[in-house]
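[1] Curious how this folds, go ahead:
(2 chains)
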Protein chains: 2
Amino acid sequence: MKRAYNFNAGPSALPFEVLEKAQKEFTNFQESGMSIMEFSHRSKEYDAVHEKAITDLRELLHIPNDYHVLFLQGGASLQFSMVPLNFLSPSRTADYVLTGVWSEKAQDEAEKIGKTTTIASSQHQNYTFIPNMTDIKPSHDSAYVHLTSNNTIYGTEWKHYPTLDVPLIADMSSDILSKEIDINQFSMIYAGAQKNLGPAGVTVVIIKDELLKNSTENIPTMLNYKIHAKKNSLYNTPPTFSIYMLSLMLEWVKNQGGIPAIEARNNEKAALIYNCMDESNGFYTGHAQKDSRSNMNIVFKLPTEELTNKFIAKSKELGFIGLSGHRSVGGCRASTYNAVPYESCEALVTFMKAFMSEN
Amino acid sequence: MKRAYNFNAGPSALPFEVLEKAQKEFTNFQESGMSIMEFSHRSKEYDAVHEKAITDLRELLHIPNDYHVLFLQGGASLQFSMVPLNFLSPSRTADYVLTGVWSEKAQDEAEKIGKTTTIASSQHQNYTFIPNMTDIKPSHDSAYVHLTSNNTIYGTEWKHYPTLDVPLIADMSSDILSKEIDINQFSMIYAGAQKNLGPAGVTVVIIKDELLKNSTENIPTMLNYKIHAKKNSLYNTPPTFSIYMLSLMLEWVKNQGGIPAIEARNNEKAALIYNCMDESNGFYTGHAQKDSRSNMNIVFKLPTEELTNKFIAKSKELGFIGLSGHRSVGGCRASTYNAVPYESCEALVTFMKAFMSEN
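    Have a look, this model is predicted:
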């Protein structure tokens, strides 16, 4: 079998080793005569999977003991509502930094719950950059500051994070586990799994105990972080297979040498493609300003829409998957998440060079 | 490999044919060089899976055209809140029929949203029966009547449903697809997948268009049925692999001869075990009254707690999985969902008879 060159923005490529391991034990987990999917979420076998995923994530991200690791459902989109439901009281303002469509959506959902304000934004320049750190000033009655660490659609990514005296909450769906971060700068991080963590269907939430202390009571149980934390994400049946796949992904990251090794490789992969763009004399132009470039989503276009379309059509013929840009930006996008092999990026650059010389 | 005799209450047994098919194409879906998990939820390949699941469910349950079929996340537990959020306006009362812990939880969540009342209950007799049909009288200002069709913990199941002039909403998590039902009696049906529909991680919602017309506006987008219906469950990234597994399960039910054939087999499976109990001269006694017995969860106990514990211990030695009763009822429970083979039930009865004669 020839693996596809998969540059999907999410759901996206998974490491072949992870898929092979899951396939091997798919019908007979640990010689039990059962699939992992057929185990009770209260069984000792599933519990070991659940705990291993928590432990490995703690280890990889150096998560301090006063943070909870939760496995929820509903993707980042449900977090957009859960965050204000739990943490935005009527006397406070929720501060949002807008760096793309997903941060807009997060603020829109919070606006249904309480008072919000946009404290910084790059919307006026079509989200081509990440606002300056010095511009991130919380409101005087700020409940929290919310930001989106990586912008899948526009291909921008935060390089540093502000240190604030109000809770900082980050949607890291598309760059969690791709580089070292200091968890202590955040009161909460959340991420849908379908980019760097595994298949769609589980959302990882890392949340500081202190933040939970003043959370709103009497909200729907399934939207209450305090209950999920208390029940170790087993209040109701969790998406057991998705969590199992997550645990295999975390094991794979460890086997690769942990986040430092993954980060180095991600830098190399992205540099390969950005260099090709930069050396193309304007044939390939990036959407993001250079200092805001994402290592996860590389968004670019060709001199004309016609050439862009030809490029995408030709890429499909050659077996490249997912190189069309998001409909709101157009052009092309190569998503180079952790599981995308260096070889796929090399193949893309070879194609980009050949296409340029032919057109 | 010897398959386990899996009587788990959920997540539970899946058909071996389904597991084998998923395993076979796990790393290479339709010769694409990709796992189904690696496809975009906007790709034509995933779309075909998504649409096939909807079409097959419509066909199997004879779902009329004015009903939507949705694939959501969060299990039945999130539905407990979504139902009142969407359909319980401040001027109305939500009516609940209590037949177990899950219906209690559903009412508790609704109570956070608005006014509720219990219109019928078997709580006073430890949920050993389903209330009489004639007792199901909606409030004069009823927004809807909610019931739980099958009670996993107590082993009771509704045999008929009332025909009402207010919307009837049923949690069918543990008996959907196990027998013929008339969808027209319901305005909405929901079910977590992890019993009869597939692995944990997707919730099926069947909802009448008319019910959506008057639903509440300005609630969180992810909790808004109208939006999920409008977007065909693709508002955000759905749990694509869980929906793929659901589609394989539905195909399997069709290959078995559809619901009539599945229902006949479920009747035989349950009769085998209930007959063994009834012929045991009180050695095995059921929790449910005879006219309320569930075909999905068979709850029973032995003459003493000591014997019950011995029975469960011995069953584990012999490779039976999941025969402990729920902690709130004690005793034993055999869950005999669609995917549990007749042979597993035969093996259980053989063991029950042997254990009785030895003790």
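[2] Okay, helices next: where are they in chain A?
    A:16-24, A:44-61, A:75-87, A:101-113, A:209-213, A:225-230, A:240-255, A:258-278, A:305-317, A:342-358 (DSSP state H).
[3] angle of the third one against helix A:101-113?
    What it means is helix A:75-87. 30 degrees (axes from the mean of the first three to the mean of the last three C-alpha atoms, to 10 degrees).
[4] So is helix A:75-87 next to chain B?
    Yes - Helix A:75-87 reaches chain B (C-beta under 8 Å from any C-beta of the partner chain) through A:75-78, A:80-81, A:85. Placement of C-beta: from N, CA and C, glycine included.
[5] Out of those, grab the one that's most surrounded.
    A:F80 (29 neighbours; other C-beta atoms under 10 Å in any protein chain shown).
[6] State the distance from the closest residue in space to it that isn't next to it in sequence to B:N236.
    The spatially closest residue to A:F80, leaving aside those adjacent along the chain, is A:E109, at 3.9 Å (C-beta to C-beta, 6 or more residues apart in numbering or on different chains). For A:E109, the distance to B:N236 equals 12 Å [C-beta to C-beta, to the nearest Å].
[7] cool, A:M277 as well?
    According to C-beta to C-beta, A:M277 and B:N236 sit 30 Å apart.
[8] Who has more neighbours out of these two?
    B:N236 (21 against 17).
[9] returning to that earlier point: would you format the helices of chain A as TSV with distance to B:I130 and mean pLDDT included?
    Formatted as TSV, the helices of chain A follow (distance: least, C-beta to C-beta, whole Å; pLDDT from 0 to 100):
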stretch	distance to B:I130	mean pLDDT
helix A:16-24	41	98
helix A:44-61	32	98
helix A:75-87	34	98
helix A:101-113	39	98
helix A:209-213	40	96
helix A:225-230	30	98
helix A:240-255	30	98
helix A:258-278	54	98
helix A:305-317	56	97
helix A:342-358	57	98
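[10] Quickly compare those helices and say which is most buried.
    helix A:75-87 (a mean of 25; mean count of other C-beta atoms under 10 Å in any protein chain shown).
[11] Give the other helices and strands that it contacts.
    Packed against helix A:75-87, as judged by 3 or more C-beta pairs under 8 Å, 6 or more residues apart in numbering or on different chains; DSSP states H and E, are the following elements: strand A:93-98, helix A:101-113, strand A:142-148, strand A:168-171, strand A:188-192, strand A:203-208, helix A:225-230.
[12] Tell me the residues of the stretch 251-359 of chain A that contact chain B?
    A:319, A:321-322.
[13] Could you check how far the closest residue to A:I298 other than its chain neighbours is from chain B?
    The spatially closest residue to A:I298, leaving aside those adjacent along the chain, is A:A334, at 4.6 Å (C-beta to C-beta, 6+ apart). As judged by C-beta to the nearest C-beta, to the nearest Å, A:A334 and chain B stand 14 Å apart.
[14] Could you count how many residues lie near A:A334?
    For A:A334, using other C-beta under 10 Å, the count is 28.
[15] And the pLDDT for it?
    pLDDT recorded at A:A334 is 98.
[16] now swap in A:V97 and tell me
    Reported pLDDT for A:V97: 98.
[17] Report the beta-bridge partners for it.
    Beta bridges link A:V97 to A:A120, judged by DSSP bridges.
[18] A:N267 contacts A:N295, doesn't it?
    Yes - counting by C-beta atoms under 8 Å, A:N295 is a contact partner of A:N267 at 6.6 Å.
[19] Would you list the phi and psi of A:S173?
    phi -50, psi -40 (degrees, to the nearest 10).
[20] Just give me the neighbour total for it.
    Using other C-beta under 10 Å: A:S173 sits among 28 other residues.
[21] A:T117 and A:L98 touch, don't they?
    No - using C-beta under 8 Å, A:T117 is not in contact with A:L98; the gap is 10.8 Å.
[22] which one of these two has more residues nearby?
    Using other C-beta under 10 Å as the criterion, A:T117 and A:L98 rank with A:L98 on top: 23 against 14.
[23] List the contacts of the closest residue to that one other than its chain neighbours.
    Residue nearest to A:L98 in three dimensions, not counting chain neighbours: A:S121, with 3.9 Å by C-beta to C-beta, 6+ apart. By C-beta atoms under 8 Å, 6 or more residues apart in numbering or on different chains, A:S121 lies in contact with A:97-99, A:131.
[24] Compare those and tell me which is most surrounded.
    Neighbour max across the contacts of A:S121 (other C-beta under 10 Å) = A:T99, 27 neighbours.
[25] ok, so what distance separates that residue from A:S174?
    Taken as C-beta to C-beta, the span from A:T99 to A:S174 is 12 Å.
[26] Common neighbours of the two, please.
    By C-beta under 8 Å, 6+ apart, the residues touching both A:T99 and A:S174 are A:N151.
[27] mind checking pLDDT for the residue nearest to A:L307 when sequence neighbours are not counted?
    Distance criterion C-beta to C-beta, 6+ apart; nearest residue to A:L307, sequence neighbours excluded, is A:N359 at 6.0 Å. The score at A:N359 is 93. That number is its pLDDT.
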